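**Student:** sequence and predicted model, in that order:
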Amino acid sequence: MPLDANLDPRTYSFKIVGTRPLRPDGVDKVTGRAKFGADANAPGMLVGKILRSPHPHARIRAIDATKAAKLPGVKAIVTRDDFPADVDPSLRDVLYNVMAREKALYDGHAVAAVAATSTAIARKALKLIKVDYEILPHVTDVDEAMKPGAPILHADMITENVEPAPTKPSNIAGRHEFGHGDPEEGFKQADHVVERVFKTEATHQGYIEPHACLASVGTDGSGELWVCTQGHFMVRDTCAALLGMDVSRLRVTASEIGGGFGGKTTVFVEPVALALSRKAGKPVKVVMSREEVFRASGPTSSTSMTVKIGVTKAGRITGGYAELRFQGGAFTGSPVVLGAMSAFACYDLEHVKVVGYDVVTNRPKQAAYRAPGAPMAAFAVESVLDELAKKIHMDPIELRLKNAAKEGTRSSYGPKYNRIGLIDCLEAARKHPHYKAPLGANQGRGVAAGFWFNFGGQTCVSLNVNIDGTVALVVGTPDIGGSRASMCLMAAEELGIPYDKVRAIVADTSSLGYNDISEGSRVTFSTGLATISAARDAVTKLCARAAKIWGIPADAVTWENGQARPSGPNAGSFEPLSLEDLAKKAAKTGGPIAGHYEVNADGAGVSFAVHIADAEIDPETGRTHITRYTVVQDAGKAVHPSYVEGQFQGGAAQGIGWSINEEYIYGKDGRLQNPGFLDYRIPVASDLPMIDTVIVEVPNPGHPYGVRGVGETSIVPPLAAVANAVSAAAGVRMTQLPMSAPRVLKAMDEAKRGSRRR
């Protein structure tokens, strides 16, 4: 039986875990057989289209859909009046984001929707819907939104966690504070103190597949949804609540997903499609255009941050302070809390304090984007640390090693760390050939560390042994990063059978117990833990079946290398029975054999990474090119190393884009100026170097195989690593992202003028 929780994966010899088999969904995806959200179809299906506000802030005085309703081919129209207003308060913002009520709060906010027999008719119908808007003042910048005279989005929004409690509304939803000690006392002990202000613009996850779903509501009020999502159980519960349906009467099936990265962890079009189907009495498919994805689905926050850090000449950080101002779009819930918790999480500090402000603006409601909040906070903190290292003439990795968090460290956000791998990552980065490689003209090198919490959560798994000895593994977490292969590897390891004998499927919401969303780097940890436990449950039953065949007690049977064997000479002399042998005899020994496990998993174990980036700047244009990049990250135990490396590289690629190219650009009219991949440019292959990876394995004691989540930590260091590299190459500290060519050139020119004046 592989590994109990108290054993060390570094000393255990895995047979299957840690190998690199082909992905089970690969052939279907490259041949086009895989079914994505927009591939779902149904007889009599209608086309759903959504009318969106052209104004960033406007009161909706009236909606007249009379002409649209009379258009031949139009079967249903829904507006705010088709959704209940008295939903659970926790879902109010979700409802108001799905369909505007009193006000449209951003450019692209949904105000009505139609279902028609063709796309052309649906589009024509949208043009016939007349909306009477009262245009209101708007605000899209986080700093401007916090000012006393800013346009107020919500008249009932009073800032939380402030004493004394304010009496007037503002755009500041809440204040959040973490830390311990007294940073001001720490700054007094410092030989050098650096304080800087940083800004980052909102970026989109850039998934290739837009949001899409097919909804069908029957005459009996029961419904079905086929949808691309990171959490179909969440979709079921949310949609049922928004439409007043019983949860048991809505069945949701997750399709393959063409990218999510956190952006598909909420609902946008699904409740609208259900409402249209219920009204029309026919299935309705809604597929967002790329412009709609940018204007109306959640990007990450734009931010403004102030960071102050003090350090001694010997390299000891004496104090750290940060104020983070994150806007979460038109509704509360920016990731500022996670950003504040993670800002200084890499370091062992006596005096540290982080204050975060959750701010609303006239932008689309933000959604998670890989370690939400952490990349921006790390950009600010790691940039100041880089500057301090130069001031005291210390190697930047050495400075981080002198202050690195380790087992027993009290984190900046409260708890003490268990076994962690930050020092291992820093040492591996320092030893890597990249770190000592020579640099050319106009080139600079940057390093940065990063942290992510990793989540556990509710998980349910079933493992069914088929009569031919194959195994069907049923999970409830959509596969957004190769998790089906990882689950099959762990099940095969436990059962002692070949990897290709296990097949994993993602069950619909009516076929399995509840599962939380695939987010927070939780799937390989929590679903893996449940898979291991379900396999062990099946092994217990297999041993009991063998005992029944042999006529001996069940505890006299052991499971080794995929076979039931007598546990010793006293148990008797019997030929081993393989899983396949026992499966064939299942009907005669008690019926089907299956393992099950349900858990609300904790002990996910935090994760750290260190990145090295080399940047080259064209001094005439300011254009930046990343010439070399290395990711070093603790995976706990790499179940499928190729997938782990892919996660490392993917996070780095997205972080590079965020650092150099990607940004939401709003005009003075409050409208998004670049809602498409032509003007919002994500990195392509020619923009990126080969990204080297180093997998560090410091086991997580909370998982039987030592697994840590890896999907999010890899996007935390890139913003700072690239900014430090660009700052070194440009000879001036860059404090605003993205570092576009005009912005870099302007900073270099200003630095030259400043040096001439001196």
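**Tutor:** Ah, there it is. Residues are numbered from 1 along each chain as shown.
**Student:** show me the shaky parts of the stretch 651-758 of the chain.
**Tutor:** Counting by pLDDT under 70, the stretch 651-758 of the chain has low-confidence residues at 756-758.
**Student:** show me where it has helices.
**Tutor:** Ranges of helices within the stretch 651-758 of the chain are 718-730, 741-757, based on DSSP state H, counting those that start in this stretch.
**Student:** and those helices, which is most packed in?
**Tutor:** Highest mean neighbour count among the helices of the stretch 651-758 of the chain (mean count of other Cβ atoms under 10 Å): helix 718-730, with a mean of 29. For the C-beta atoms, the positions are set from N, CA and C on the backbone; glycine is no exception.
**Student:** which strands or helices does it pack on?
**Tutor:** Helices and strands touching helix 718-730, by 3 or more Cβ pairs under 8 Å, 6 or more residues apart in numbering; DSSP states H and E, are helix 374-391, strand 443-452, strand 607-617, strand 624-634, helix 641-660, helix 741-757.
**Student:** show the subsequent helix or strand relative to whichever helix or strand Ala113 is part of.
**Tutor:** Assigned by DSSP states H and E, Ala113 falls within strand 110-116. Sequence-wise, the next helix or strand downstream of strand 110-116 (DSSP H and E) is helix 119-128.
**Student:** what mean pLDDT does the helix or strand that that next one is followed by get?
**Tutor:** Downstream of helix 119-128, the first helix or strand assigned by DSSP H and E is strand 130-135. Across strand 130-135, the average pLDDT comes to 98.
**Student:** quick one on the thing from earlier: ok, which of the helices and strands packed on helix 718-730 comes nearest Ile50?
**Tutor:** With respect to Ile50, and counting by Cβ to Cβ, the nearest of those is helix 641-660 at 27.6 Å.
**Student:** circling back to that earlier point, okay, the helices of the stretch 651-758 of the chain in JSON lines with distance to Ile656 next?
**Tutor:** Formatted as JSON lines, the helices of the stretch 651-758 of the chain follow (distance: least, Cβ to Cβ, whole Å):
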{"stretch": "helix 718-730", "distance to Ile656": "6"}
{"stretch": "helix 741-757", "distance to Ile656": "15"}
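**Student:** so which of the ones you listed comes closest to Pro299?
**Tutor:** Here helix 718-730 is closest among the helices of the stretch 651-758 of the chain (Cβ to Cβ), at 15.0 Å.
**Student:** give me the angle between that closest one and strand 624-634.
**Tutor:** Orientation of helix 718-730 against strand 624-634 (axes from the mean of the first three to the mean of the last three Cα atoms, to 10 degrees) gives an angle of 140 degrees.
**Student:** now do the residue lying closest to Val287 once chain neighbours are set aside against Ala38, distance only.
**Tutor:** Among residues not flanking Val287 along the chain, Ala212 sits closest, at 4.2 Å (Cβ to Cβ, 6 or more residues apart in numbering). According to Cβ to Cβ, to the nearest Å, Ala212 stands 4 Å off from Ala38.
**Student:** quick check: Val707 touching Gly636?
**Tutor:** Yes - with contact defined as Cβ atoms under 8 Å, Val707 reaches Gly636; the gap is 4.9 Å.
**Student:** which neighbours do these two share?
**Tutor:** Common neighbours of Val707 and Gly636 are listed as Gly605, Asn700 (criterion: Cβ atoms under 8 Å, 6 or more residues apart in numbering).
**Student:** and the next helix or strand past the lengthiest helix in the chain?
**Tutor:** Secondary structure of the chain per DSSP state H: the longest helix is helix 528-550. Once the chain leaves helix 528-550, the next helix or strand it forms, by DSSP H and E, is strand 557-560.
**Student:** tell me the first helix or strand C-terminal of that next one.
**Tutor:** Strand 557-560 is succeeded, C-terminally, by strand 563-566 (DSSP H and E).
**Student:** that next one pairs with which strands?
**Tutor:** strand 557-560 (antiparallel), strand 577-578 (antiparallel) (DSSP bridges).
**Student:** could you measure from Ala34 over to Ala215?
**Tutor:** Distance from Ala34 to Ala215, by Cβ to Cβ: 21 Å.
**Student:** these two: which is more packed in?
**Tutor:** Ala215 (33 against 16; other Cβ atoms under 10 Å).
**Student:** contacts only, for the closest residue to the more buried one other than its chain neighbours.
**Tutor:** Using Cβ to Cβ, 6+ apart and skipping the chain neighbours, the partner closest in space to Ala215 is Ala273 (3.7 Å). Listed by Cβ under 8 Å, 6+ apart, the contact partners of Ala273 are Gly48, Cys213, Leu214, Ala215, Leu225, Val284, Lys285, Val286.
**Student:** and with 7 Å instead?
**Tutor:** Gly48, Cys213, Ala215, Val284, Val286 (Cβ atoms under 7 Å, 6 or more residues apart in numbering).
**Student:** need the pLDDT of Ser301.
**Tutor:** pLDDT, Ser301: 98.
**Student:** flag the shaky bits of the stretch 1-150 of the chain, pLDDT-wise.
**Tutor:** Looking at the stretch 1-150 of the chain by pLDDT under 70, you get 1-11.
**Student:** ranges for the helices of the stretch 351-500 of the chain?
**Tutor:** Counting by DSSP H, counting those that start in this stretch, the helices of the stretch 351-500 of the chain are 374-391, 396-403, 422-431, 433-436, 483-495.
**Student:** identify each buried residue in the helix or strand following the last one, please.
**Tutor:** What that stands for is helix 483-495. Per DSSP H and E, helix 483-495 leads on to strand 502-506 as the next helix or strand towards the C-terminus. Buried positions in strand 502-506, judged by neighbour count with 16 or more other Cβ atoms under 10 Å: Val502, Ala504, Val506.
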